[in-house]
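>>> model the following, please.
(one chain, ligands or ions: 1)
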Amino acid sequence: MSAIKQLADNEVFRAFATYVAVVLLKMMLMSLITSYYRLTRNVFANLEDAIGHVKGGDAKKYVRTDERVERVRRCHLNDIENIVPFVGIGLVYTLSNPELSIALLHFRIFATSRILHTIFYLTPLPQPSRALSFFIGFLVNASMAYATLRSVSYF
Ligand SMILES: N[C@@H](CCC(=O)N[C@@H](CS)C(=O)NCC(=O)O)C(=O)O
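Numbers count the residues shown, from 1 in each chain. Sure thing, here's the model as predicted:
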């Protein structure tokens, strides 16, 4: 059996791949939400975008910022700051041969925390809701990094 086939058959890897797909799809959704607010509020990042969408008048005035668009962009940036580490740390953690039940717990808590973070940020809900959801996801990444270092570290 090839190494790739072996990896694909590994239950922890399959669980990891599933949750990576979930959180990356959630992150990709942020681009669509940003575009939605740009188009419905006529808020553009570039003059050529404004010219393409605003008929007549001075397109320059639609090259501006808007609190709603900026909120979605901050939420997207926060996803990048946390989901990219999840993909990297999660992969090495998966390769360190963890227990399936413990790995699943990490992946599920992380995905839930990021979905909640988005809901809390975009609604928006009062703090500390968003801070807690961020912190839980952060702890999951830290826990996977710690477990990996404990089991396979080679300095
Ligand atoms: N880059 C983040 C680092 C800290 C962080 O991620 N905090 C969480 C909980 S308060 C957050 O949602 N920050 C808002 C954000 O990143 O826009 C920041 O500037 O706030």
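>>> for the longest helix along the chain, buried residues please.
Ranked by residue count and defined by DSSP state H, the top helix of the chain is helix 11-41. Residues of helix 11-41 classed as buried by neighbour count (16 or more other CB atoms under 10 Å): 12-13, 15-17, 19-20, 22-23, 26-27, 30, 33-34, 37-38. In this view, the C-beta of every residue, glycine as well, is placed from N, C-alpha and C.
>>> please apply the same query to stretch 61-73.
Tyr62, Val63, Arg68, Val69, Arg71, Val72, Arg73.
>>> out of the buried residues of helix 11-41, flag the one nearest to the ligand.
Distance ranking of these against the ligand, using CB to the nearest ligand atom, places Met30 first at 12.0 Å.
>>> and the closest residue to Leu125 other than its chain neighbours, what element?
Closest residue to Leu125 apart from its sequence neighbours, by CB to CB, 6 or more residues apart in numbering: Ile119 at 7.5 Å. Using DSSP states H and E, Ile119 sits in helix 100-122.
>>> work out the gap between stretch 101-118 and the centre of the chain.
Centroid separation for stretch 101-118 versus its chain: 11 Å, with CA atoms, centre = their mean, to the nearest Å.
>>> now do the worst-scoring helix or strand of the chain on mean pLDDT: which elements does it pack against?
Among the helical and strand segments of the chain, the one scoring lowest on mean pLDDT, DSSP states H and E is helix 3-9, with a mean of 90. The criterion is 3 or more CB pairs under 8 Å, 6 or more residues apart in numbering; DSSP states H and E, and there are no helices or strands that helix 3-9 contacts.
>>> off-centre distance for it?
26 Å.
>>> any buried residues in that helix, and which?
In helix 3-9, no residue is buried by neighbour count (16+ other CB under 10 Å).
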